[in-house]
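1. no FASTA, just this:
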Ligand SMILES: Cc1ncc(C[n+]2csc(CCOP(=O)(O)OP(=O)(O)O)c2C)c(N)n1
């Protein structure tokens, strides 16, 4: 409910106003009139005295009476609420007699009332109509080729705006003969493109758009109107269905290239790229509309339906940032969906939920659902419990339009409406284009195996272009000869492109961009990332000085801020949160935007970060690092919604589009990242190999065994390590704040763009041994892929080398110290992938007497780094390693504290013990 109008009046005043409206609907504010209409309809008519209601005869309500006008309002309301249920947007519906939301006699009107003039203030700006005319208008507007759903929108300003636009359709939509011919040409292009591919590349999958050609009319109308609406960039995402058609007819990807990608000889231009199937590939184009450039970027996407949606949103947001499009009016996210995927994939709801959140909003996305009324072989009644595929979008204040995909002028109107709505309200809008799928799921498939009746209906149906051609001929706007000519020209154009491609195929490989072509390996020795003492001091001051009159929480002042002040003044010790802030602050001074999002990340899950401070007296907030914002360089930290897949997808997209920024996503606990597994598998690990797509995203995954049970111990390191190959990403498990600091800085200063997975600590956040000194942050320091034993044990005494990664190092070191063990060296593998083999060999070189090579980990043997490193370390040192860790387990950790303590004790002692374990 729009608080703005309700907060103005008391309940008594609202009741009085209701009475006034009943007597004269024109006498109250239109917003209130609309509300009372809704109320009346929802409560089954005007509140009436019981005895009067019992007396009411259906034929006793003259339209011009106050009650009559109330009933007319009910009729209007019925069309507005339920008109979409009677609308004719499904091309496969049989043309049986049209239904209506309500018949006039049901509301008490007599046949002779139909021609009486009435003035209903809330309809058509108070123009005078007869009841018959009102009903005709309502049928045209609400039950035509578009079904409008907008009654779920509480904001009365938005509803009034929508109603006004819809009501203007009452007189019909007429874009003129030129636009109609243009739409016809687009339908022909869409149809013939598929036919051409079908004929020239028999049996090749292309996920044809046939049956949904109207999408091209709608999209063309949309992009052509973008420049006039001040949009300069369109960030697009879509699945397989009709993708090639969109590439050809909307992005104007050269036909020769598309055809070449179909040939068996096609090889993408890339030495290491594994490439991807053609209907997953992205493309960027600049179209000129009346001389004004419009950049359209269609993202490459995996087969996983809807996974691209958050990524496109993140890209759009980043582009808005780089273009300083703070009003979000110049960059438009445009997402295409399938009906089954939109209804079925939970990710859709997750991303819709981001759409109005401060850190994630993109000024409204336009969604086009290519609703072919089938998903692979699944019918709508198997695919969803809701009436429409789009019902999930009712969670937003977003209008939903169900549009007949065979009605070009309505498709154009819908595109125009969507653009206007988005630009005005900065909100999402859903265009649900009803169509059908002429072929099977793909071109080697038989739709009739599982949908014989629907298939027969479709086979008997002329194409959308044929139907529209007939209509235009009937209107005298197209001759048969002209139609033939249009089709011939389109076909010949494609044939020409095909012939050229056949003659010189290699000319049509798309060049990869200079940046994408850079496939240099990750350096095995990190660049130097230490900072100057001056910068150290400056950031320390920024982090600890508060604005005048700002009162932090007393505990934070005592335990957090004063400790920080002391650490920066005294030169340490610095903990993890200080190191992290120092890394971020230093990058900001070097003109790199820093963005972190994740659940509760402003404070930090473990109350360690406090990047945003809240005034204890008045609740105002202060973010120290924002002091370093300048130009477009900004510090951004957002508590995210409680979702992993959508937020990680969003940050991945953001990072893709802002290559100079440090973009991080933090899981609340590392375990939860598996809710975003698709984003990790399909994008983070594989996008470079598939699509030359480089990205510097950083994942912060709290990890470590502290007895917190199965779900808060392991970030499932093994999952990431299993995905490592082709130098695709870096996986680290740092054991000191300084190492963490350098890893974050290295991510920007190192000359390669690869994702970074960081297993971050929990108990180490406050463990005194795991702190760093000032010098560890200063030049010429750097990240160390492996860490030597700080005890520097005498080589001639050492017979055992224990290798480990992460927090277990401190437990091993404590055990060794407590027992005075002098025969063991402990080596930390800080970066697990890529493994710095030379450094490891170098570190171990002095210890020639080592006979017992041990890998120690907290994780079970079927998890952690053991599976990944076992053979690699064995090969490197030409020996087999002894394992000290938990046995294979189905869940990552024990739930009971006692079991945890016993397991920890056992694995540490095993590391030092002579017992060999498998
Ligand atoms: C997450 C996911 N699950 C399953 C599939 C397999 N799959 C490919 S297309 C498809 C049906 C999609 O139906 P719809 O969303 O209506 O799009 P259409 O193909 O009909 O255009 C399915 C289940 C997939 N690609 N992604």
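-> Everything's here; your move. Bear in mind the structure is a predicted one, so any value in this text is a computation, not a measurement.
2. can you report how many residues neighbour whichever residue of the stretch 551-700 of the chain sits closest to the ligand?
-> Shortest the stretch 551-700 of the chain-to-the ligand distance, computed as C-beta to the nearest ligand atom: residue-wise this is residue 678, at 7.4 Å. Yep, even glycine has a C-beta here, placed from its N, CA and C like the rest. As a burial measure, residue 678 scores 18 neighbours (other C-beta atoms under 10 Å).
3. which element is it on?
-> Using DSSP states H and E, the secondary-structure element containing residue 678 is helix 677-679.
4. in contact with the residue of the stretch 551-700 of the chain closest to the ligand, which residues?
-> With contacts defined as C-beta atoms under 8 Å, 6 or more residues apart in numbering, residue 678 is in contact with 302, 304, 307, 645.
5. test my guess that the second one contacts residue 679.
-> Looking back up the chat, that one is residue 304. No - Residue 304 is beyond contact range of residue 679, at 9.1 Å (criterion: C-beta atoms under 8 Å).
6. roughly how far does the nearest residue to residue 882 once chain neighbours are set aside sit from the ligand?
-> Counting by C-beta to C-beta, 6 or more residues apart in numbering, the nearest residue to residue 882 once its immediate chain neighbours are dropped is residue 854, at 4.8 Å. Here residue 854 is placed at a distance of 42 Å from the ligand (C-beta to the nearest ligand atom, to the nearest Å).
7. which neighbouring elements make contact with the helix or strand hosting residue 854?
-> Element membership for residue 854 (DSSP H and E) is strand 852-860. For strand 852-860, the contact count by 3 or more C-beta pairs under 8 Å, 6 or more residues apart in numbering; DSSP states H and E identifies strand 800-804, helix 808-819, helix 866-877, strand 882-886, helix 897-912 as packing neighbours.
8. residue 191: neighbour count?
-> A total of 24 residues lie near residue 191 under the criterion other C-beta under 10 Å.
9. pull the distance from the helix or strand containing it to the chain's centre.
-> Per DSSP H and E, residue 191 falls inside helix 177-200. Here helix 177-200 shows a centroid-to-chain-centroid distance of 32 Å under the convention C-alpha atoms, centre = their mean, to the nearest Å.
10. helices and strands around it, which ones?
-> Here helix 177-200 is seen to pack against helix 214-225, helix 243-249, helix 255-262, helix 408-425, helix 464-474, helix 480-503 when contacts are counted using 3+ C-beta pairs under 8 Å, 6+ apart.
11. dump those helices into a markdown table; add distance to the ligand, mean neighbour count and mean pLDDT as well.
-> Formatted as a markdown table, those follow (distance: least, C-beta to the nearest ligand atom, whole Å; neighbours: other C-beta atoms under 10 Å; pLDDT from 0 to 100):
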| stretch | distance to the ligand | mean neighbour count | mean pLDDT |
| --- | --- | --- | --- |
| helix 214-225 | 10 | 25 | 98 |
| helix 243-249 | 10 | 24 | 97 |
| helix 255-262 | 19 | 22 | 92 |
| helix 408-425 | 17 | 22 | 98 |
| helix 464-474 | 16 | 19 | 98 |
| helix 480-503 | 23 | 15 | 96 |
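12. make TSV out of those helices and add distance to residue 794.
-> Formatted as TSV, the entries for these read as follows, by distance: least, C-beta to C-beta, whole Å:
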stretch	distance to residue 794
helix 214-225	72
helix 243-249	65
helix 255-262	64
helix 408-425	71
helix 464-474	83
helix 480-503	71
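13. out of the helices and strands packed on strand 852-860, nearest to the ligand?
-> Across the helices and strands packed on strand 852-860, the ligand has its closest neighbour in helix 866-877 (27.2 Å, C-beta to the nearest ligand atom).
14. output the below-cut-off pLDDT ranges for this protein.
-> Along the chain, the model assigns pLDDT under 70 to residues 1-12, 25-26, 30-62, 96-97, 122, 268-274, 510-519, 914-918.
15. near the ligand, which residues of it show up?
-> Counting by C-beta under 6 Å from any ligand atom, the positions of the chain adjacent to the ligand are 241, 303-305, 338-341, 370, 372, 374-376, 437.
16. show the buried residues in these.
-> 241, 304, 305, 338, 339, 340, 341, 370, 372, 374, 375, 437 (16 or more other C-beta atoms under 10 Å).
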